[in-house]
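Enquirer: the following block contains a protein sequence and its predicted model.
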Amino acid sequence: MTSKQSLLIIEDDDSMRWVLEKTMSKAGYEIFAINDTRQASSLISKNNIQVVISDIKMPGEDGLSFVERITSENDRLAVILMTAHSDLETAVNVYEKGAFDYLPKPFDLNEAVQMVARAFESLQLTDHVQASRRKNENGLIGEASAMQVVFKAIGKLARTEVTVLITGESGTGKELVARALHENSPRKQGNFVAINMAAIPAELIESELFGHEKGAFTGATEKHQGWFEQAHQGTLFLDEIGDMPQSAQTRLLRVLSEGKFYRVGGKTALKSAVRIIAATHQPLLELVQQGVFRDDLYHRLNVVKIAIPSLRDRATDIPLLMDYFLDRVAVDMSISRKKIKPELKDFLMNQPWPGNVRELENLCRWLTVMTSGTQLGIEDLPSEFRKNGYKKIQWQQSYKNWLEQKLQTGDINSIQQSQKKFEKILLDTVLNFHQGHRQKAADTLGWGRNTVTRKLKSNT
């Protein structure tokens, strides 16, 4: 390597320190070795040291105190502690203090070399994910055609003041889209206030939305600014708008119509200076027809609609999303990033995903925490995920996912060949069923007998 990575070894046992120094030097690292922690801080700062191996039992400052202190001084540092105790309490203490990992004594030197390599890899991953986060600060990721439609809509609508209604199943990322609209708008310096209507008791919604005056009702001991005031000059995101009580719907409609509102118990009109973005996973038109949601409010909110696709409808994005989530979890937990086996990607791309992107993110967190290996396969999935109800989605969806993948990579030849293969399988299967009788096969397929003959010739 042209520029060696620097490693600090802290060990008061001379023979152990010598062995580690020789082993790690042979592995290609630039080594600094000391017998206590007193010089550690200056060595780390002067020599750009990124990984430290230290004994947990040291004269003076012990390893746990050291790792807590040194990682608070430098967040770009991975510390590995060597310990003679490998019980649960030790493991918990090591990670709580901020260590990257620990080596239980006696350990194999190859194991130590591998752990150091993982520590350096983790630091590089941190840089990669931070760059990725800057690139995808709002968390919106996707290359599927359905997501490109969403991105284009955000680009067109962000600079406007138009009211937007975002629709989509739970877990598809409706709030992320709302944030992207805000962060790319002239209002980005103002607050983005996100409210979930389903999470607020009905009797409190009006007070929370519009605020209240002191003494407006029992318990109103002081004036309270509502969400409209908190979002002044910014964006107010009303999630699950379908759960808003009708009394609040009436007041919201008045604000949208007149551009002003009153606090509960107030007599002074306050000017509304917010952009409204609403979202729902419910069919609002059906709620209108049922008399649950106001028709006039629906039309006020539904000026422009952005429909977020389900994860099923953008399954080709699953590998990309998994890479993003696994990167992020690895950095958050300061552990090595898991790799995905191809068969796991294929399996997950053919699942129904009722919880959508949120469910996929939770699965990535579970896999990172609960699996011991570095390669993730189908066998690593939670048992209930594999057995209880996670059957493959319809073949039509699988074929659609495959087609989207080929289109994105420009593999037109495979698409053209797939049509021929599809017809050949179809014709061969039906002919076999009818024991080679072409007229019966033609009747089953709805083709003419000559068409069957022609296709048989072209497929040979």
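Expert: The structure has been received and is ready for your questions.
Enquirer: ok, for residue 420, nearest residue in space, not its chain neighbours?
Expert: Closest residue to residue 420 apart from its sequence neighbours, by Cβ to Cβ, 6 or more residues apart in numbering: residue 459 at 7.1 Å. For glycine as for every other residue, the C-beta is placed from the backbone atoms N, C-alpha and C.
Enquirer: residue contacts, that neighbour?
Expert: Residues in contact with residue 459, defined by Cβ atoms under 8 Å, 6 or more residues apart in numbering, are 420, 423, 424, 427.
Enquirer: of those residues, which is the most crowded?
Expert: Neighbour count (other Cβ atoms under 10 Å) singles out residue 427 as the most crowded of those, with 20 neighbours.
Enquirer: and that residue, helix, strand or coil?
Expert: helix (DSSP: H, G, I helix; E, B strand; the rest coil).
Enquirer: strands of this structure, residue ranges please.
Expert: For the chain, the strands defined by DSSP state E occupy 6-10, 30-34, 51-55, 78-83, 101-104, 164-167, 192-196, 235-239, 260-261, 270-271, 275-280, 304-307, 339-340, 375-376.
Enquirer: looking at the ones you listed, which is closest to residue 452?
Expert: Among the strands of the chain, the nearest to residue 452 by Cβ to Cβ is strand 304-307 (41.8 Å).
Enquirer: how about the closest one: buried residues?
Expert: residue 306 (16 or more other Cβ atoms under 10 Å).
Enquirer: doesn't residue 263 make contact with residue 213?
Expert: Yes - with contacts counted by Cβ atoms under 8 Å, residue 213 reaches residue 263, the gap being 5.3 Å.
Enquirer: which residues do these two both contact?
Expert: In contact with both residue 213 and residue 263: residue 223, using Cβ under 8 Å, 6+ apart.
Enquirer: more neighbours, these two?
Expert: residue 263 (24 against 17).
Enquirer: the more buried one and residue 206, how far apart?
Expert: Distance, residue 263 to residue 206, using Cβ to Cβ, to the nearest Å: 10 Å.
Enquirer: repeat that for residue 153.
Expert: 31 Å.
Enquirer: residues in contact with residue 58?
Expert: Contacts of residue 58 by Cβ under 8 Å, 6+ apart are 10, 12, 36, 37, 66.
Enquirer: which one of those sits in the busiest neighbourhood?
Expert: For these, the largest number of neighbours (other Cβ under 10 Å) sits with residue 10, at 28 neighbours.
Enquirer: ok, back up a step: residue 321: which of the strands of the chain is closest?
Expert: Of all the strands of the chain, it is strand 339-340 that lies closest to residue 321, at 11.0 Å by Cβ to Cβ.
Enquirer: go through the strands of the chain and name the closest to residue 225.
Expert: Once the strands of the chain are compared by Cβ to Cβ, strand 270-271 is nearest, at 9.9 Å.
Enquirer: any chance of the contacts of residue 58 in CSV, plus distance to residue 169 and pLDDT?
Expert: Listed next are the contacts of residue 58 as CSV, based on distance: Cβ to Cβ, whole Å; pLDDT from 0 to 100:
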residue, distance to residue 169, pLDDT
10, 53, 91
12, 59, 87
36, 58, 86
37, 53, 86
66, 49, 87
